[in-house]
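> Here is a sequence together with a model predicted from it:
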Amino acid sequence: MITFDEIKKAFLVSIWFMFLTFPIMVIRVNPVEHIVEWRWKNMLVVGIGSFLLSFVWNYLMKRKELGFKKAESGEETGTIPLVQRILGEKKIYIPALVVAGIFTIAFPFIFSLYQTNIMVSALIYVMLGLGLNIVVGLAGLLDLGYVAFYAVGAYAYALLNYHFGISFWIALPIGGLLGATFGILLGFPVLRLRGDYLAIVTLGFGEIIRIILENWNEFSFGPSGIANIPRPSLFGINLSVHESTIYIYYIMIALCLFTVFVVNRLQDSRIGRAWIALREDEVACQAMGIDKTKTKLTAFSLGATWASMAGVMFAAKTTFVNPASFTIWESIIILCIVVLGGMGSIIGVIAGALVLILMPEYLRAFSEYRMLAFGVLLVVMMIFRPGGIIPNVRRVYTFQGVKNTDKS
Amino acid sequence: MEPVLKVQNLGMNFGGLRALDDLDLDVGRNEIVALIGPNGAGKTTFFNCITGIYPPTDGDVLIFTQGRDSAERINGLKPNKVTEKGLARTFQNIRLFLNMTVLENVMIGRHCRMHAGVLGAALRGGSTMREEKKVVEDSYAILEKIGLARFVNEFAKNLPYGAQRLLEIARAMATEPFLLLLDEPAAGMNPHETQELDELIKKIRDEEGISILLIEHDMKLVMSLSDRIFVVDYGKKIAQGTPEEIRNNPVVIKAYLGEEVDA
Amino acid sequence: MDYFLELFLGGLTRGSIYALIALGYTMVYGIIELINFAHGEIYMIGAFTALIVISVLTLMGMNTIAILVIAGVVAVIYSCAYGYTVEKIAYKPLRNAPRLSALISAIGMSLFLQNYVLLAQTSDFLPFPSLIPDFEFMEPYAHIIGSTEIVILITTAVVMVLLTILIKFTRIGKAMRATSQDKTMAMLVGINVNRVISVTFVVGSATAAIGGVLIASHVGMINFYVGFIAGIKAFVAAVLGGIGSIPGAVLGSFVLGWTESFATGYVSSDYEDVFAFLFLVLILIFRPAGILGRSEKHKI
């Protein structure tokens, strides 16, 4: 029930926000032509908007507190999210998988070239998201310079091709290896740092690499970048642009499947468990005999490998690279994907990438507000649903003669 | 008695503060030794120095492993190396991996006894699969021994407090130690749970052949368990001896003035 | 020699500005151990608010000194209000969450505020009027240092003194120091920790706003993005000096200011931002506690 107090509070919140946003939202100045534009309508929008949102906020806050209390009193908290439950059900997930598979294979023939192209972009982000998921989601290392490794891959293919005429299929593994090497080189000095310092240092490294690419003309051709990068070849057959896009689409699907396959196996392995333990408690992790540096380095360089391979794909898809594609915001978009989807959750990250990349493409009117929405998303997800839309679940082991106490 | 751990002249400075001063301590094979002292006496710091979390400022930490004649100096080693050498510990303020299941917490303890790397995990070859299977079985066996088997797939954060303390012990045991360092294992437990813990610790010593060094404030538990007791105050050792000797030691009684020692 | 002096004073001015922003980072970090990513945006909003006030008042034909004072005051008020609100929305609900969560929330806030200004105003660079007239007595030195620089140096010095007084000698200052030492203990002895945190954000935002107005009138233009880069650099300065330490933040800012000034003056201006980042990386690797910071051991 909405009480009078809540209405009063919402009213005050709305007054506060109208005051807060007054100069920026209402007045627009043009100092060159000395024009001042007053936009009173915006004030109304802010007022009403914040009034309504205040109720939503309160409602969500209450629900959150309720959740805490439940957890404290030991009530059922281990409920498995709906999606995971559906996926656990063989009768449902096998047909679902078949349908999804057919749809995926048929996609380029059902939809236009334009749609396929967008889908390829989204798939590149799926790969990036899954790679960053290893670093942030599993090992708990906030890497804000992830895009640097993406750039390494893209430029590796572009430059190797420009200078030595190396083809896509050779550049892909080389790019991956180069990414891993860079990951180790950069990771070694910085991984000793505490979590928040790590974030800022990786951000710094990311920017350094971008600035170097922008200014070192002899090496990277500066801001104008490198054009005419060939698309992947298929046994030397000449493909039209359309055919080649479809071909890239299938390569991307294969690469994503490969990524899922590897990450899925890793997260329930000795290495994967060590990553998660590291995320949960560094001191205890070391006391249990886990080499902190080595474990972090594996996660960091593995993440870099995937970013780099995605970079090679990106160069092959757009046939053009320049430093503008590798700004810090790209890193943050990838972070958004992981956070929205659910840190550590493979299905979550895939869903996150598809939602975040496809939505602005199809809701063109909305695309202007994309970054604004991403900002809100990061804050809101952290506060109300830190586990993401599809949180990760840990593997359940069964033993003979033991009643499974898990509430699945 | 044949020692497994010998600490000589251990000292630790934090800036100008001398937290540990010239401490000697030893633990024999199959022995249960208690380290007691008032709050802030430096007991946990002592554990941290032995297990490599802080490098001690001076002194030696020596271990004697079976099949090795000479002592091995382990101060300055990283915590994970110390664990690999066969010393495992629990924490005073529980430090479990809360978002992992109980079984996984124990499996983490096996980490340093396993070999699978990234490639092995991705390919899941025969040896990796065998290793994985064995670890799951071993870990489950440890849980059964400690009495936590019914929680196996539960998240660690959902366990009751007493069970969380036990899980810390289970996790430490999974590293195959010859010496187990327990930091206030009975803290926050009710008398019934403490009684069970008493039996459990004895069982670990008798059945697994693991020596035990524990910090504890519950005097009843200390007196019942320990073969020998070391008492520290202000970072210095003020007494050592059998429970009987400690109980009647005037220096100890003075240090504990106001606290119950005759329980 | 003149060139050297020019670079030296240029570095000093730069450092002063960084110091005004770095204070906010270091104070917030000292109290809640959070890198307030949105701090740079608070500074940008301060500068934008000032620009808007100036434009409106100029059209109304007010005299320059009055405009300067009003714009400064309004900018500070608004920055404080934004700092306060950001803390309440994005950080307070995460007080007990893992540090990674608060950090991600801070990044989100930074992203939001940038795009909020971008959408509500413009993505173009806007010219920012030079508020400070050229003083006559400065003319003989004009080739080395301008009047604006002098004002910046003096203002920074005054702000530093005021801040030191606030922290050393007032009740709230004492409460702030107590809270940064041990939050739980502070709460137990009756300090309203939430209030202390709010005050910290407000004070940090105020100094950032002053910095914002000064640098905008020094550089002569602003856009929605100026806060981010300046914020990152100020953070570098804070880390350099030892995060959590106020004198450290000031010292670190000057060191960074000089480094940038000399490096761009004698080496190359293309890599201006690289120096700051490289500096950060090296400092964190070799002396993570910073110049004046103490290396702390966490209790286990």
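Received, thanks. Quantities reported herein were computed from a predicted structural model and do not represent experimental measurements. Numbers count the residues shown, from 1 in each chain, chains lettered A, B, ... in the order given.

> Low-confidence regions, the stretch 151-263 of chain B specifically.
Within the stretch 151-263 of chain B, the stretches with pLDDT under 70 are B:257-263.

> ok, which residues in it are in contact with chain C?
On the criterion CB under 8 Å from any CB of the partner chain, chain C has no neighbours in the stretch 151-263 of chain B. Where you see a C-beta, it was placed from the backbone N, CA and C, and this is true even at glycine.

> Check the stretch 151-300 of chain A too.
The stretch 151-300 of chain A comes close to chain C at residues A:189-190, A:192-197, A:199-201, A:203-205, A:207-208, A:211-212, A:215, A:283, as judged by CB under 8 Å from any CB.

> can we see that at 7 Å?
Residues of the stretch 151-300 of chain A lying close to chain C (CB under 7 Å from any CB of the partner chain) are A:189, A:193, A:195-197, A:199-201, A:204-205, A:207-208, A:211, A:215, A:283.

> Taking those together, which two end up most distant?
Maximum pairwise distance among these (CB to CB): 42.1 Å, between A:N215 and A:V283.

> show me the residues around A:M25 that make contact.
When contacts are counted by CB atoms under 7 Å, 6 or more residues apart in numbering or on different chains, A:M25 is found next to A:39, A:42-43, A:46, C:120.

> Against C:A120, how distant is it?
Going from A:M25 to C:A120 by CB to CB, to the nearest Å gives 5 Å.

> and what of A:L159?
41 Å.

> which pair in the contacts of A:M25 spans the largest distance?
Top of the distance list for these (CB to CB): A:M43 and C:A120, 11.6 Å.

> My guess is C:L57 contacts C:I70. True?
Yes - under the criterion of CB atoms under 7 Å, C:L57 makes contact with C:I70 at 6.4 Å.

> Pass me the low-pLDDT residue ranges in the stretch 301-408 of chain A, would you?
Applying pLDDT under 70 to the stretch 301-408 of chain A picks out residues A:400-408.

> near chain C, which residues of it show up?
Residues of the stretch 301-408 of chain A found near chain C (CB under 7 Å from any CB) are A:332, A:339, A:368-369, A:371-372, A:374-379, A:382-383, A:386.

> on contacts alone, who are the packing partners of the lowest-mean-pLDDT helix or strand in chain C?
Sorted by mean pLDDT, DSSP states H and E, the helices and strands of chain C end with helix C:272-286, the least confident at a mean of 77. Counting contacts by 3 or more CB pairs under 7 Å, 6 or more residues apart in numbering or on different chains; DSSP states H and E, helix C:272-286 packs against helix A:195-215, helix C:226-241, helix C:246-262.

> Mind doing that once more with 6 Å?
The helices and strands touching helix C:272-286, judged by 3 or more CB pairs under 6 Å, 6 or more residues apart in numbering or on different chains; DSSP states H and E, are helix A:195-215, helix C:226-241.

> got a pLDDT number for residue 287?
Since no chain was named, I'll use chain A. Looking at A:A287, its pLDDT reads 90.

> The chain in question should be chain C.
74.

> ok so B:V7 is a strand residue?
Yes - counting by DSSP: H, G, I helix; E, B strand; the rest coil, one finds B:V7 located in a strand.

> Now it. Nearest residue, chain neighbours left out?
Leaving aside its chain neighbours, B:V7 sits nearest to B:L25 (4.5 Å; criterion: CB to CB, 6 or more residues apart in numbering or on different chains).

> again with A:M381
Setting aside the residues directly before and after it, A:M381 is nearest to A:V339 in space (CB to CB, 6+ apart), at 5.3 Å.

> and stretch A:375-389, which residues are buried?
A:375-383, A:386-389 (16 or more other CB atoms under 10 Å in any protein chain shown).
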